[in-house]
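*Asks:* With the sequence up front, the predicted model follows.
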Amino acid sequence: MAQTASRPSDFCPDTERAWQLDTRLVRGGTRRTEHGETSEALFLNSGFRYADAETAEARFAGTAPGFVYSRYNNPTLAMFERRMALVEGAEACRGTGSGMAAVFAALMCQLKAGDRVVAARAMFGSCHYILAELLPRFGIETVLVDGPDLDQWADALAHPTQCVFFETPANPTLELVDIEAVSALAHAAGATVIVDNVFSTPLLQKPMPLGADIVVYSGTKHIDGQGRCLGGAVLGSETFCTEILQPFLRHTGPALSPFNAWVLLKGLETLELRVERQCRTAATLADVLATHPVVQRVLFPGRPDHPQAALVGRQMSGPGTVVSFEVDGGKAAAFRLLNALQLVDISNNLGDAKSLITHPASSTHRNMSDADRARIGVTDGLVRLSVGLEHPDDLTADLATGLEAALGHRVGVE
Ligand SMILES: Cc1ncc(COP(=O)(O)O)c(C=O)c1O
């Protein structure tokens, strides 16, 4: 158990890499103590003692194995990182305190003043803040393009670029980016490709074989999937994680707490069961929504009317657990819908066992200007539904109540 695992083989022996996905999700990365515990041990300590000063010196120098400090590494955190790397098929992983810490660290650990980033315009409000507001403050140019438009990517990447960043599917419009095509353009421009894979989960889309260099997750979403804790992960090559990311994390401190790493390990055990069921229910609800007169448009990667259905088929193995839809009547109708629901909770989180509904324009994307929101299709009538594990019939009935309430404007309720 006592190693910092600085070599790939320390993280994921070949025997574990050979396991089927289900087995990796449940057992990958587990390292038992001498007590032989069945569930992974939870090491809540912040520090580690050294047998002598020479050992301390060697551990700091990286010449002796062993843990140093839980801001750098911890046995429970190491198990989470190993399991994530095994599930993703990445060489290495580093845990972070939240998904936003993962996004920020993945970018900031490799950028400097004068660099250039190209990103897809449609993204979570906090990602937009980092790309459009924060990075330019430090002299990093950010160019935003319409994610589905390969010509725009090609134009933007005709100039030397250090990083490319995109969510696919994007929050909340479920717009896709062609990972393979954009990665090829990015690499020709000298850029590292970072994919925020939150909406696909580690199960429904594998960005790395398609060309992505780095994959980031909010563990808060499906990986925990039960509303218990925050967490994040950055996955990439061993060289990137050890030489570029690790010093940034070590010295700036967005560490994942061992307790949260333990919760996320437990979440991974049931991830496949939950995501599979949630995808199925999401598909049912998307079809129900599409038939209601107050719904103007449904955005769901599992429907043939998704604007990029062919790309969905090429790069995703499942539709995801989120359905977005636009109601006639704008914000007032959307609010009536949300407020009428009895079962689905109004909440900005997603990927949870409980179904959650969000009005992005007034919450998760409110920090964007009206023009920026309009440009990515986050209209006042857009609603994002994260589908949970409740019975589909109960969710259908609850949504029917909400949709009837949304219709209110047609009979003069405002
Ligand atoms: C696509 C995407 N990336 C990153 C995050 C940030 O995750 P966290 O809330 O764990 O910081 C979110 C949160 O909603 C998200 O939707």
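*Replies:* Happy to help now that I have it.
*Asks:* Next, give phi and psi for whichever residue of the stretch 151-300 of the chain sits closest to the ligand.
*Replies:* The ligand sits closest to Ser218 of the stretch 151-300 of the chain, with a gap of 3.0 Å, by C-beta to the nearest ligand atom. Every C-beta, even on glycine, is put in place using the N, C-alpha and C of the backbone. Main-chain dihedrals, Ser218, degrees, to the nearest 10: phi -90, psi 110.
*Asks:* Hmm, Gly232 and it touching each other?
*Replies:* Yes. Under the criterion of C-beta atoms under 8 Å, Ser218 makes contact with Gly232 at 5.5 Å.
*Asks:* Name the residues of the strand or helix carrying Thr15 that come out as buried.
*Replies:* When elements are defined using DSSP states H and E, Thr15 is found to belong to helix 14-17. By neighbour count with 16 or more other C-beta atoms under 10 Å, helix 14-17 contains the buried residues Glu16.
*Asks:* Which SSE is immediately downstream of it?
*Replies:* helix 21-27.
*Asks:* what does this structure put close to the ligand?
*Replies:* 98-100, 103, 124, 127, 167, 171, 196, 198, 218, 220, 230, 232 (C-beta under 6 Å from any ligand atom).
*Asks:* contacting residues for Asp146?
*Replies:* Listed by C-beta atoms under 8 Å, 6 or more residues apart in numbering, the contact set of Asp146 reads 120-122, 152.
*Asks:* Quick check: neighbours shared by Ser218 and Gly232?
*Replies:* What both Ser218 and Gly232 touch, as defined by C-beta under 8 Å, 6+ apart, is the set 98-100, 102.
*Asks:* Quick one: which of the residues you listed is the most crowded by neighbours?
*Replies:* Neighbours here are counted as other C-beta atoms under 10 Å. On that basis the top member of the shared contacts of Ser218 and Gly232 is Ala102, with 31 neighbours.
*Asks:* Would you double-check that that one falls in a helix?
*Replies:* Yes. Using DSSP: H, G, I helix; E, B strand; the rest coil, the assignment for Ala102 is a helix.
*Asks:* distance of Gly36 from the ligand?
*Replies:* Per C-beta to the nearest ligand atom, to the nearest Å, Gly36 is found 33 Å from the ligand.
*Asks:* Could you check which residue of this structure lies nearest the ligand?
*Replies:* Counting by C-beta to the nearest ligand atom, the chain gets nearest the ligand through Gly99, at 2.3 Å.
*Asks:* how close does that residue sit to Asn348?
*Replies:* Distance, Gly99 to Asn348, by C-beta to C-beta, to the nearest Å: 12 Å.
*Asks:* Ok, Thr38 next?
*Replies:* 36 Å.
*Asks:* Do a quick rundown of the strands in the protein.
*Replies:* 92-96, 116-120, 141-145, 163-167, 192-196, 214-218, 232-236, 295-299, 322-327, 345-346, 356-358, 382-386 (DSSP state E).
*Asks:* Out of the ones you listed, the one nearest Met368 is which?
*Replies:* Met368 sits nearest to strand 141-145 of all these, at 11.1 Å, using C-beta to C-beta.
*Asks:* how many degrees apart are the closest one and strand 163-167 in direction?
*Replies:* Here the directions of strand 141-145 and strand 163-167 differ by 40 degrees (axes from the mean of the first three to the mean of the last three C-alpha atoms, to 10 degrees).
*Asks:* No more questions from me, cheers.
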